[in-house]
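>>> can you look at this prediction? I've put the sequence above it.
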Amino acid sequence: MKQHPFYIIKKARFWVCLAIGLSVCSLFVFLLNLNFSEEFTGGVSLSLSSTASMEGLDTSLHNYLDSNSYPTSRIFIDTEGDTTTIKVNANLGSDELVAQLSEDVKNFLISEQVIESADDIVWQTIIGPSVGDYMKTTAVQAFVLGLLLMVIYILFSFGKIRKDIPAQILGIAVLGVLLFEVCTSLGAYGARMMINPTIQVDTVFIIAILTICGYGVNDIIIIFDRIRENLLKHRSSNQVDVKNVIEDSLWQTMQRSIGTCLSTVLVLVAMLVFGTGALQQFAFTVLVGVVMTAFASIFLGGSLVSLMMQMQNKQKKTLKKKS
């Protein structure tokens, strides 16, 4: 084993416990502030070209919808310059009711002199409950299918080192790393939703999460591939210390992991600073995911493999004693 500035695998339990703690806290923050957009709940979204004051508009619009027998709706208003975006999320029973909601909101804005006519509406989106349910189902299916395909790839790709590290251990480690990256990204997005209620979970956010998964798998697979190469090199020796091989592999790929992370972060920071709206939200989510991917690839992936190998060896020794 080569000399290193410090040893990662010796503190494997610490890294895993830290990752679990961060994941749980992040998931709690996300669920506490979870706010689906009209793409998932159904509703209406309008962008207005208006210089009228929006102060108190959310309250008056909410009262107007209540008086027209609409169920409790969530209203979000965001103004940038002369453009105002109004989102009304409502769980209505049919697409026809959502269409009627759109007309009532437009009539309300005209009657309150927020806009002079329908021509002041720059764009308008109407999403019925059937579309919202489809979006939820599709998002979950895409995420689960992606995870399954990644695990299947691990099982077949790393078959040559099955004697040293079972492929299922590598598969579980990949899942653990991905869950950590996703949970911490969810937590950061949840904190943004807590600060700014107009930020919601939408399709752009789902795309960002899937992007993080793809990026994260690519990073951890490269490290596991180096572990595989080093194990095959040491296969001729009588005894292979898997922990030392993992440690050396992590340090051999660390510079590459950090360099890839920094180069990606620079692009995402530029998108975050100069972008607006959906692009900015996408950049923020992926930025957090990229940073967490670098941490997970270096400190978490190898630690998970090492701990699971220790547990497996203890089970084998226990079975031998019993036999």
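In hand now; what should we look at? Numbers count the residues shown, from 1 in each chain.

>>> excluding sequence neighbours, find me the nearest residue to the residue positioned nearest the centre of the chain.
Among the residues of the chain, the one closest to the centroid is residue 209, at 3.4 Å (C-alpha atoms, centre = their mean). Here the nearest residue to residue 209 in space, its sequence neighbours aside, is residue 182; by C-beta to C-beta, 6 or more residues apart in numbering that works out to 6.0 Å. Any C-beta I mention is one placed from the backbone N, CA and C, and that applies to glycine too.

>>> after the helix or strand hosting the one you found, next one along is what?
Secondary structure assigned from DSSP states H and E places residue 182 in helix 167-195. Towards the C-terminus, the helix or strand next in line after helix 167-195, according to DSSP H and E, is helix 203-233.

>>> okay, the angle between that following helix and helix 167-195?
Helix 203-233 and helix 167-195 meet at an angle of 150 degrees, taking axes from the mean of the first three to the mean of the last three C-alpha atoms, to 10 degrees as the criterion.

>>> show me the helices in the stretch 51-200 of the chain, by range?
57-67, 95-111, 129-157, 167-195 (DSSP state H, counting those that start in this stretch).

>>> what helices or strands is the last one leaning on?
Read it as helix 167-195. When contacts are defined as 3 or more C-beta pairs under 8 Å, 6 or more residues apart in numbering; DSSP states H and E, helix 167-195 packs onto helix 12-32, helix 129-157, helix 203-233, helix 277-295, helix 301-322.

>>> could you check how far the residue nearest to the centre of the chain is from residue 188?
When distance is defined by C-beta to C-beta, to the nearest Å, residue 209 is 12 Å away from residue 188.

>>> would you list the helices and strands packed on helix 167-195 in CSV and tack on distance to residue 102 and mean pLDDT?
Conversion of those to CSV gives the following (distance: least, C-beta to C-beta, whole Å; pLDDT from 0 to 100):
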stretch, distance to residue 102, mean pLDDT
helix 12-32, 30, 95
helix 129-157, 14, 73
helix 203-233, 20, 84
helix 277-295, 21, 91
helix 301-322, 48, 80
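
>>> got a markdown table for those, with distance to residue 81 too?
Below are these laid out as a markdown table (distance: least, C-beta to C-beta, whole Å):
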| stretch | distance to residue 81 |
| --- | --- |
| helix 12-32 | 30 |
| helix 129-157 | 30 |
| helix 203-233 | 21 |
| helix 277-295 | 13 |
| helix 301-322 | 45 |
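
>>> which one, of the ones you listed, ends up nearest to residue 172?
helix 301-322 (6.7 Å; C-beta to C-beta).
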